[in-house]
Structures are given as C-alpha cells and as structure tokens.
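# Fold the following for me, if possible:
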Amino acid sequence: ATTVWLKRGSDPRRGDVVVFSSPEDGTKLVKRLIGLPGDVVEMRDEALYINHQRLAYAPLPDVAPGALPQATAMLPHELWSEALPGRQHTVMVLPEVRALRSFGPIIVPQDHYLMLGDNRDNSRDSRYFGLVPRKNLIARASHLALSFDPDHLY
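A predicted model of the protein is given here:
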C-alpha cells in the first residue's frame, strides 16, 4: 500500500481524504477533510454549509446490485454528488439510520480540522468526537479501496 505522509508545513486541503488519530481514543481513521481553520461549518438536514454557502448536491443513480455490502444494500440508501469548491465526491445517505444530520454553525479554530465520512449516516466523525487537531494528522490518502467482501470491508 502506498501512503503519502503529510510534510511539515504542508497544509491539507478541503476535500482531501486524510488518515488521522481519533482525538477520542487514538484509533486510526480515514475521513474527508471538510472544515479548515477559520471556516464556519454547519449541517442542516444532511446539507453542508461552508462559510454560509450551501454545497451543491445532485442525486446519483444507484450502484449495480452486489456493489454495496449486503447489510448496507438492504437498507434504503441514496447516493449524492457533493461539490466542495473545486472538487466533487460521492456521499451515501441512509435515511432510516439514526444519525446526527444537523449541527453548528461551528467556527473551526486554528490548527484544527472538521472531518466527515462519505458514508454520512454510518460514520463516527467530527460530529461525534469533535474537531481534529493538526498534530493528529498522519497522511493524505492517495489511493482509496473498498472491498465488496462483507467479511473483509475496509
């Protein structure tokens, strides 16, 4: 596996997928960087607002049968394109799963970041453990992998 370590002085960018140590218990996590120092971030009914601007969302077609883990595929789910400034990525929403769908506004302090999982309603992220200090950042993920084997998801 290839890992790209963050260099001193190298600032992560909004939309980067980052490996970091959870501020909660030190577990290594991989999440998308949403909020940078100085940003005002808010979520209202699953929609993100960054610096008071709502991100653009567009529905996506469902994936081919068998492409999602069976436990997820059995739940009602929606795939959306979420557009951060200059970058787009896919997020999954599970409407029937109990999750924190609104928060903030939060002003991200210096040397901290707000991280969210792309599987929004099945992700332990900054909504639950708070902002991530810069010292907890380990690497920028350069390759993402998803296993469709339900016994070995990663």
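
# how close does residue 55 get to residue 76?
To residue 76, residue 55 is 23 Å away according to Cβ to Cβ, to the nearest Å. The way it works is simple: take the backbone N, C-alpha and C, and place the C-beta from them, glycine included.

# So those two - more neighbours on which side?
residue 55 (18 against 9; other Cβ atoms under 10 Å).

# Contact partners for the more buried one?
47, 48, 49, 82, 83, 84 (Cβ atoms under 8 Å, 6 or more residues apart in numbering).

# Would you mark the buried spots in stretch 122-141?
For stretch 122-141, a neighbour-count test (16 or more other Cβ atoms under 10 Å) marks 123, 125, 126, 127, 131, 132, 136, 137, 139, 140, 141 as buried.

# just the residues you listed now: which is nearest residue 40?
residue 131 (12.9 Å; Cβ to Cβ).

# Once you drop chain neighbours, what's closest to the closest one?
Closest residue to residue 131 apart from its sequence neighbours, by Cβ to Cβ, 6 or more residues apart in numbering: residue 112 at 4.1 Å.

# Just to check, that neighbour is in contact with residue 37?
Yes: here residue 112 reaches residue 37: they are 6.3 Å apart, a contact under Cβ atoms under 8 Å.

# quick one, which of those two is more surrounded?
Using other Cβ under 10 Å as the criterion, residue 112 and residue 37 rank with residue 112 on top: 21 against 15.

# Give the bridge partners for that one, please.
Beta bridges link residue 112 to residue 133, judged by DSSP bridges.

# For the chain, give me the ranges with low pLDDT.
1-9, 63-75, 143-154 (pLDDT under 70).

# can we see that at 50?
1-5, 147-154 (pLDDT under 50).
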